[in-house]
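1. Structural data only, the sequence is not supplied:
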């Protein structure tokens, strides 16, 4: 498998031939301010000479922090991080609204800030738990195949439906008027820019975000991330050592090991009836409708993910191509 994972192909780019390698795994990147998520991904992909890569949810250019990058077969499981809860540290500038809700947009209005600490705490309590948000026009959400920010840049404002999100934690870290420093843990689909604007509106003075840093995605933490500059300073093998295994993305799920015969059938997309003598669960047999990470017992290779159905049948979900 190691040799297969080192397969290379030559891509023609203009007059320059670039050697791209097939690598599998996950890197936790600390994205800097000023780069889009795609720009950060492109730089990381180049540094690792990777053939295939993708990120797990965008961070705005003005934001920094944790951006998990998936390479090769790990891209098949990137959606799990898109659905994961996320944590942020943010600074809300009260009294100033902008066109984009952050520092990249032109100032629309300024207002005096007269909110007291008690008023702020009462207001923050209103935004904990289940809330609804209107997605901003300056976002990557698409309408008729075109992102909303393209309409916004053309001066077009479209109606957007409210969406329900969940704010698990909203903590006041510090308040030095007009700056409100907050810690936020929230569900997928939450716009922190909109949260900041809505808090400012509730306080009667308006607001925008002047800083945003993502500190956690699912169980992955910013403290374990590396910077592009740090990766650039490493040698080829040291860069590869940064890659976490593909099954890091599935570690919260129960594991099951299959015999060689069943592993072959699983990789062919066949459904398997549960047989204790042929299937080895690393935990007590999970309840039906559970999602599982699936391995081959003989070599410990990850085969992919599967769903244990109510009739005790294991159904393949996403398969690892390099496990054949």
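-> Received the coordinates, thanks. Small disclaimer: the values here were computed from a predicted structure and weren't measured. Residues are numbered from 1 along each chain as shown.

2. going forward, measure contacts and count neighbours with C-alpha atoms only.
-> Noted.

3. what mean pLDDT does the host helix or strand of residue 215 have?
-> Residue 215 belongs to strand 207-217 when elements are defined using DSSP states H and E. Confidence for strand 207-217, expressed as mean pLDDT, is 97.

4. Flag every buried residue along stretch 246-259.
-> Neighbour-count burial for stretch 246-259 flags 246, 247, 249, 250, 254, 255, 256, 257, 258, 259 (criterion: 16 or more other C-alpha atoms under 10 Å).

5. per the record, what domains does this protein have?
-> With automatic domain parsing as the criterion, the domains of the chain are listed as 2-82+221-247, 86-217, 253-323.

6. Report the two of the buried residues of stretch 246-259 separated the most.
-> The two members of the buried residues of stretch 246-259 with the most space between them (C-alpha to C-alpha) are 249 and 259, at 23.2 Å.

7. and residue 143, how far is that from residue 194?
-> With distances taken as C-alpha to C-alpha, to the nearest Å, residue 143 is found 19 Å from residue 194.

8. who's more crowded, the two?
-> More crowded of residue 143 and residue 194, by other C-alpha atoms under 10 Å: residue 194, with 20 against 12.

9. Report the contact partners of the more buried one.
-> Under the criterion of C-alpha atoms under 8 Å, 6 or more residues apart in numbering, the contact list for residue 194 reads 101, 133, 134, 135, 136.

10. For it, what is the enclosing helix or strand?
-> Assigned by DSSP H and E, residue 194 falls in helix 192-202.

11. Show the average pLDDT along that helix.
-> If you average the pLDDT over helix 192-202, you get 97.

12. what do you get for stretch 224-232?
-> When pLDDT is averaged along stretch 224-232, the result is 96.

13. That stretch: which residues count as buried?
-> Across stretch 224-232, burial judged by 16+ other C-alpha under 10 Å covers 225, 226, 227, 228, 231.

14. Okay, now stretch 76-94: how far is its last residue from its first?
-> The first and last residues of stretch 76-94 sit 41 Å apart, counting by C-alpha to C-alpha.

15. Need the residues that contact it.
-> Outside stretch 76-94, the residues within contact range by C-alpha under 8 Å, 6+ apart are 54-57, 70, 113, 177-188, 196, 200, 205-218, 249-250, 318.

16. Repeat the analysis, applying 6 Å as the threshold.
-> Taking C-alpha atoms under 6 Å, 6 or more residues apart in numbering as the criterion, the residues outside stretch 76-94 that touch it are 56-57, 178-188, 196, 207-218.
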